[in-house]
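# Just a sequence and a predicted model for now, questions to come.
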Amino acid sequence: MSTSDVTLGEICVAAVADTFRGDGEIFASGMGNIPSLGARLARATFEPDLLVSDGEAFFVANDLPLGGTDKEIEGWVPFRTVFDTLWGGRRHVVMGASQIDAYGNQNIANIGPWDKPKAQLLGVRGAPGNTINHTTSYFIGNHTSRCFVEKVDTVSGIGYDRAAELGDWVKAHHEIRRVVTNLAVLDFDTPDHRMRLASVHPGVSVDDVVAATGFELVIPDDVPTTRPPTDEELTVLREVLDPKSFRDRELPAPA
Amino acid sequence: MSKLITEDEAVASLDDGMTIGIGGWGSRRKPMSLVRALLRTDLKDLTVVSYGGPDVGLLAAAGKLRRVVYGFVSLDSIALEPHFRLARQSGSIPEVVEWDEGMLQWGLYAAALRLPFLPTRSGLGSDVVKNDPTLKTVASPYADGEELLAVPALNLDAAFVHLNRADERGNAQFLGPDLYFDDLFLGAAAESGRRFLSCEKVVPTAELLENGTFHTMKINRSMVDGVIEAPNGAHFTNCQPDYERDEAFQKEYAKAAGDPEAWQAFVDTYLSGSEADYQKAVASR
């Protein structure tokens, strides 16, 4: 085991796992391989109280590999219970985004005008309810200026500017914690919650991220490098959670 | 009193322009034999309310939809329903109502409880409220005064659901991991007299508890007007634990959907005869 051959997928999984740090006994939910692995890795290492699901209808107590079926079930969560949990706020989801803007408004619904879209995508799915009820983060495997845009075509998940218009309760409970991409980690820790570059992945420059972002990012004077996974995390990820290496399959090849 | 009928008898009670709620979720435990029966009718201008999968796709491809109300339309293992995607991109469905998944539950629940609406925060601030201008908000009458989204009741003219087991009076049982919102679809059609429940197998009432615990018996006979025995009726969606999704067939379906000639061949092979013909064609692949 060595950290010198860490892959981009592994850095992304650890960065997603970090978004769950401090969450405690809530439902850590990930849409897609890297977000699911991030939730499971956080629970397996530094955030043991998290609840993670099999993606179907059960909370699993064991460190289930992606695609694994040998489940130690610790709870039954059919979709109705998932909705109850998320409306009750005891969840942090990491979703994807086809488009995202500087305040974290996300689009997974369609590209082009809503009435007759150029491309129908997933629809808004649960994004409006997720973002208004509990903490949300995003994982975007292909960080480009087509995805990071000034204005998204259909606001599915709501960002900080829209949440601020909805009154005190929403302002107090809405949180877009972080955006993890194949290039960097971004957050909204700025006075007006504009997206900020929090760290760049090893081998990526600040200019690379700026060039791949279609709006003006807040760039701190000193941008750190995203941390590599620890030896323990790498062992758990490679040997237990993802022995078939799904983690590198949904990322574009390095340029 | 037995409520046993056939799919064709069920859809014969429908009229043009009706609103039909379809249970299941994506490509999971969909009442597909009832959907296929709909395809055999001349019915048109239908509104469908669904956590959509191939039910919405097939009805869109057949030009039967005037309006669709959905939380999503997906085949699960294939993220985008191909017919629905084409229909959206060509604008062939006149009215499209895209809600948050939780809003759809709330609309069905409001209808089942005979309420005009139920309040929620889900949807506020998103383009759901822009794209459906019929949605209104309501102020909390209490000290907080918070403005909430008033999700209107989704009253249905008919409901289709597919369960694992039922008796001939309509007591029914789900044996898989999730009932989804099937009970709410039936509830939202309570006044319609057209609540149709298909099942893998009709069994004597006493046999229901031999298959699973009482927790699986969420549907009672006061919620059902017609029972249809439809073995493999959810095909090609799943019906756990009786069978998994037929992924190979779903791939064939999705591939054919992308090409008008291939789709016509698919229709000729699978969708031009009775349900028995369909099952025979599927089995003989």
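Received it, and whenever you're ready, just let me know what you need. Residues are numbered from 1 along each chain as shown, chains lettered A, B, ... in the order given.

# Do any residues in stretch B:9-25 lie close to chain A?
Yes: applying Cβ under 8 Å from any Cβ of the partner chain, one finds stretch B:9-25 in contact with chain A at residue B:25. C-betas here are computed from N, CA, C, even on glycine.

# CA atoms of that stretch as CSV?
Once side chains and other backbone atoms are set aside, the C-alpha atoms of stretch B:9-25 remain, and they are given as CSV (Å, rounded to 0.1, in the frame of the first residue of the first chain):
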residue,chain,number,x,y,z
GLU,B,9,-62.5,-5.2,-18.8
ALA,B,10,-60.6,-2.7,-16.5
VAL,B,11,-59.6,-0.4,-19.3
ALA,B,12,-63.0,-0.6,-21.0
SER,B,13,-64.4,1.4,-18.0
LEU,B,14,-62.1,4.4,-18.9
ASP,B,15,-63.0,7.4,-21.1
ASP,B,16,-60.9,9.8,-23.2
GLY,B,17,-59.4,12.6,-21.2
MET,B,18,-59.3,10.8,-17.9
THR,B,19,-56.6,11.1,-15.2
ILE,B,20,-54.9,7.8,-14.4
GLY,B,21,-52.5,7.2,-11.6
ILE,B,22,-50.0,4.4,-12.1
GLY,B,23,-48.2,2.8,-9.1
GLY,B,24,-44.7,1.4,-8.9
TRP,B,25,-41.5,3.4,-9.2
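
# just how off-centre is that stretch within its chain?
Going by Cα atoms, centre = their mean, to the nearest Å, the spacing between the C-alpha centre of stretch B:9-25 and its chain's C-alpha centre is 9 Å.

# if I pick residue 118, what's in contact with it?
The chain I'm using is chain A. Remark: with contacts taken as Cβ atoms under 8 Å, 6 or more residues apart in numbering or on different chains, residue A:118 is in contact with A:110, A:111, A:112, B:89.

# The intended chain is chain B.
Residue B:118 sits in contact with B:106, B:107, B:109, B:110, B:150, B:151, where contact means Cβ under 8 Å, 6+ apart.

# tell me which element the second one falls in.
The one in question is residue B:107. Of the helices and strands defined by DSSP states H and E, residue B:107 is found in helix B:101-112.

# Give the other helices and strands that that helix contacts.
Helices and strands touching helix B:101-112, by 3 or more Cβ pairs under 8 Å, 6 or more residues apart in numbering or on different chains; DSSP states H and E, are helix A:79-87, helix A:127-133, strand B:46-52, strand B:65-73, strand B:117-120, strand B:147-152, helix B:182-188.

# among those, which is the most enclosed?
Stretch with highest mean neighbour count among those: helix A:127-133 (a mean of 29; mean count of other Cβ atoms under 10 Å in any protein chain shown).

# re the thing from before, could you tell me the angle between the helix holding residue B:107 and strand B:147-152?
Using axes from the mean of the first three to the mean of the last three Cα atoms, to 10 degrees, the direction of helix B:101-112 lies 60 degrees away from that of strand B:147-152.

# Could you export helix B:101-112 as CSV, CA atoms only?
Output in CSV follows, covering the C-alpha atoms of helix B:101-112 (Å, rounded to 0.1, in the frame of the first residue of the first chain):
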residue,chain,number,x,y,z
GLU,B,101,-40.7,13.6,-6.0
GLY,B,102,-42.0,14.5,-2.5
MET,B,103,-44.6,16.9,-3.9
LEU,B,104,-46.1,14.1,-5.9
GLN,B,105,-46.5,12.0,-2.7
TRP,B,106,-48.1,15.0,-1.0
GLY,B,107,-50.5,15.6,-3.9
LEU,B,108,-51.6,11.9,-3.8
TYR,B,109,-51.9,12.0,0.0
ALA,B,110,-54.0,15.1,-0.1
ALA,B,111,-56.4,13.5,-2.6
ALA,B,112,-56.5,10.3,-0.5
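
# quick one on the thing from earlier: any idea which of the helices and strands packed on helix B:101-112 gets closest to residue A:36?
For the helices and strands packed on helix B:101-112, distance to residue A:36 was read as Cβ to Cβ. The smallest value, 14.7 Å, belongs to helix A:79-87.

# Strand B:46-52 and that closest one, what's the angle between them?
Going by the same axes, to 10 degrees, helix A:79-87 is angled at 70 degrees with respect to strand B:46-52.

# Any residue of the very next helix or strand once past helix A:79-87 touching chain B?
Downstream of helix A:79-87, the next assigned helix or strand under DSSP H and E is strand A:91-95. No: applying Cβ under 8 Å from any Cβ, one finds strand A:91-95 separated from chain B by no less than 12.1 Å.

# so where's chain A uncertain?
Low-confidence segments of chain A, defined by pLDDT under 70: A:1-4, A:253-255.

# Which one of the residues in it is closest to chain B?
Proximity of chain A to chain B (Cβ to the nearest Cβ) peaks at residue A:129, 3.2 Å away.

# what residues are up against that residue?
Remark: with contacts taken as Cβ under 8 Å, 6+ apart, residue A:129 is in contact with A:83, A:86, A:87, B:100, B:101, B:102, B:103, B:120, B:121, B:122, B:123.

# Residue B:195 now?
B:158, B:159, B:186, B:189, B:223, B:224, B:225, B:226.

# So what's the residue count around the first one?
The local packing of residue B:158 (other Cβ atoms under 10 Å in any protein chain shown) involves 26 other residues.

# give the contact list for it.
By Cβ under 8 Å, 6+ apart, the residues touching residue B:158 are B:13, B:14, B:18, B:19, B:20, B:21, B:189, B:192, B:194, B:195, B:196.

# Any idea how many residues pack against the closest residue to the first one other than its chain neighbours?
Spelled out, that is residue B:13. The spatially closest residue to residue B:13, leaving aside those adjacent along the chain, is residue B:194, at 5.5 Å (Cβ to Cβ, 6 or more residues apart in numbering or on different chains). The number of residues packed around residue B:194, counting by other Cβ under 10 Å, is 19.

# try residue B:19
There are 20 residues near residue B:19, going by other Cβ under 10 Å.

# so it makes contact with residue B:160?
No: under the contact definition of Cβ atoms under 8 Å, residue B:19 does not touch residue B:160, with a separation of 12.0 Å.

# For chain A, what is the nearest residue in the stretch 1-150 of chain B?
Residue nearest to chain A within the stretch 1-150 of chain B: residue B:122 (3.2 Å; Cβ to the nearest Cβ).

# What score does that residue have for pLDDT?
The model reports residue B:122 with a pLDDT of 98.

# Which secondary structure element is home to it?
Element membership for residue B:122, per DSSP H and E: none, as it lies in no helix or strand.

# Could you pull up phi and psi at it?
Here the main-chain torsion angles of residue B:122 (degrees, to the nearest 10) amount to phi -60, psi 130.

# And for it, the neighbour number?
Counted with other Cβ under 10 Å, the burial measure for residue B:122 works out to 28 neighbours.

# Would you check that it makes contact with residue A:134?
No: under the contact definition of Cβ under 8 Å, residue B:122 does not touch residue A:134, with a separation of 11.0 Å.

# Pull up the residues of the stretch 51-200 of chain B that are close to chain A.
Counting by Cβ under 8 Å from any Cβ, the residues of the stretch 51-200 of chain B close to chain A are B:70-74, B:79-80, B:84-85, B:88-91, B:98-103, B:105, B:120-128, B:131, B:144, B:146-147, B:177-181.

# Give me the buried entries from those residues.
Neighbour counting by 16 or more other Cβ atoms under 10 Å in any protein chain shown classes B:70-74, B:80, B:84-85, B:88-89, B:98-103, B:105, B:120-128, B:131, B:146-147, B:177-181 among those as buried.

# Report the contact partners of the spatially closest residue to residue B:209 that is not a sequence neighbour.
Distances taken as Cβ to Cβ, 6+ apart put residue B:217 closest to residue B:209, at 7.7 Å, once the chain neighbours are dropped. Taking Cβ under 8 Å, 6+ apart as the contact definition, residue B:217 lies against B:171, B:172, B:173, B:208, B:209.
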